[in-house]
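Undergrad: A structural model of the following input is requested.
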Amino acid sequence: MVHYKDDVKSSPFKLNEQKSSDYNENNIVMPEFTIDDDGIPYCTKQTDYEKIISSNMKKRFPREFEKMLNCQHCEHYKKDDCYFPRSEIDKIEKDRNKLNIRCQLCGMKIDRPFSILMSELYKDQYGVNLPVICCTCYAGLEAGTFESTSKRRMILFFISLLTSIYFLSMYFLRMFTFTWYSMLVIIIPFAFWGYISFRDIKSIYYLHKGRKYYKQIMNAKKREKTKEEAFKEKYTDEDDKKKPPEGAFYSPGYDY
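TA: Residues are numbered from 1 along each chain as shown. I've put the predicted structure just below:
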C-alpha cells in the first residue's frame, strides 16, 4: 500500500516547489483527512481543496461538490506522487463499485472512497484498525443513536420481507389458475419481489452482524470491574486515588 519513490536529484526550482508543498523526504504527499458535520470525510491535501471549500458549493450542489474533491481530480493522483499509489486507488474504487467493500456496521455500499483510504492510512501509519463505515452509521455513532436506528432499520426490513413473502405466495398460488401464456405476466413481478426479499434478508444479516461487532467493541471498553478493583474504588480516599499505581511513574508535573 505504501508508495515509496527513489531519491532523485532535483533542480533548484523543483526543490523550492516541493519545499513549499507537502512532500516528505521520499517526494511523497501524505494525505490528511477531515470529517464534516454530515460525517463525510475529505482529504485536505487535495490540490484544489481550499478553493473548492471556499466556493460554498456544498449546500447548492452537494453531489458535484463531492465529485470535485475526489482523488481523480487531484494533481497528486495524476502525477502518482501520493502516499496511495494511483493503481491502488483505482483498485479500491473498482472494489467499492462492485460492492466488495461494505460498511462494517450495516453492510451498505461505501459511497465515499475516502472512508476506505482513511481506514488504510490509520492501519499503515498508526496500527489502528479503524473500521470502514458509511456516513449514516458514523452520524448515528456521533449522536449515540446507532443501536436504536439500526434496530429500527432491521424491523423495517423485516416488515418489507414479510410483505414480499406474502405477495410471492399469493402469486405462486394464482399461477396454477392461468394458462402457460398468462404465466409470463406473473414472472416479472415474481422476480421483482424475489429480488426485494433477497435484498431485505441481506440487509437484516449485515445489520445484525454490525450490531454484534459494535457491542463487542463497546463491551471490551466497558468490561466489568474485578472484585479487587471494586473494593479499592469503594474504600480508597480521594488523595489515594490521585496517586499513580504501583510501578507506574507519572510526569514531573504530576501533583500528589
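Undergrad: so how far is residue 204 from residue 102?
TA: Note on residue 102: its distance to residue 204, by C-beta to C-beta, to the nearest Å, is 14 Å. (Each C-beta comes from the backbone N, C-alpha and C, glycine too.)
Undergrad: quick one: low-confidence parts of the stretch 151-256 of the chain?
TA: Filtered on pLDDT under 70, the stretch 151-256 of the chain yields the residue ranges 171, 174-186, 188, 220-256.
Undergrad: can you give me the helices for it?
TA: 183-221, 227-235, 238-242 (DSSP state H, counting those that start in this stretch).
Undergrad: for the longest one, packing partners?
TA: Just to be clear, that refers to helix 183-221. helix 146-174 (3 or more C-beta pairs under 8 Å, 6 or more residues apart in numbering; DSSP states H and E).
Undergrad: which ones are touching the residue lying closest to residue 41 once chain neighbours are set aside?
TA: Leaving aside its chain neighbours, residue 41 sits nearest to residue 114 (4.2 Å; criterion: C-beta to C-beta, 6 or more residues apart in numbering). Residues in contact with residue 114 (C-beta atoms under 8 Å, 6 or more residues apart in numbering) are 33, 41, 42, 43, 70.
Undergrad: ok, now how distant is residue 114 from residue 42?
TA: In terms of C-beta to C-beta, residue 114 sits 6 Å off from residue 42.
Undergrad: next, show the common contact partners of those two.
TA: Residues touching both residue 114 and residue 42 by C-beta under 8 Å, 6+ apart: residue 33.
Undergrad: I'd like to know how many residues surround residue 91.
TA: Look at residue 91: counted by other C-beta atoms under 10 Å, it has 11 neighbours.
Undergrad: please, which helix or strand holds it?
TA: For residue 91, the enclosing helix or strand under DSSP states H and E is helix 86-97.
Undergrad: the helix or strand just after that helix: how far from the chain's middle?
TA: Per DSSP H and E, the first helix or strand lying C-terminal to helix 86-97 is helix 113-126. Taking C-alpha atoms, centre = their mean, to the nearest Å, one finds helix 113-126 lying 10 Å from the centre of the chain it belongs to.
Undergrad: tilt between whichever helix or strand comes after helix 113-126 and helix 146-174?
TA: For helix 113-126, the following helix or strand on the C-terminal side (DSSP H and E) is helix 135-143. Interaxial angle, helix 135-143 versus helix 146-174 (axes from the mean of the first three to the mean of the last three C-alpha atoms, to 10 degrees): 140 degrees.
Undergrad: strands - which of the contacts of residue 114 land there?
TA: 33, 41, 42, 43 (DSSP state E).
Undergrad: what is the neighbour count of the last one?
TA: Number of residues near residue 43 (other C-beta under 10 Å) recorded here: 23.
Undergrad: and the third one, by the same measure?
TA: Residue 42 is surrounded by 21 other residues when neighbours are defined as other C-beta under 10 Å.
Undergrad: pairing partners for it in the sheet, please.
TA: Beta bridges link residue 42 to residue 34, judged by DSSP bridges.
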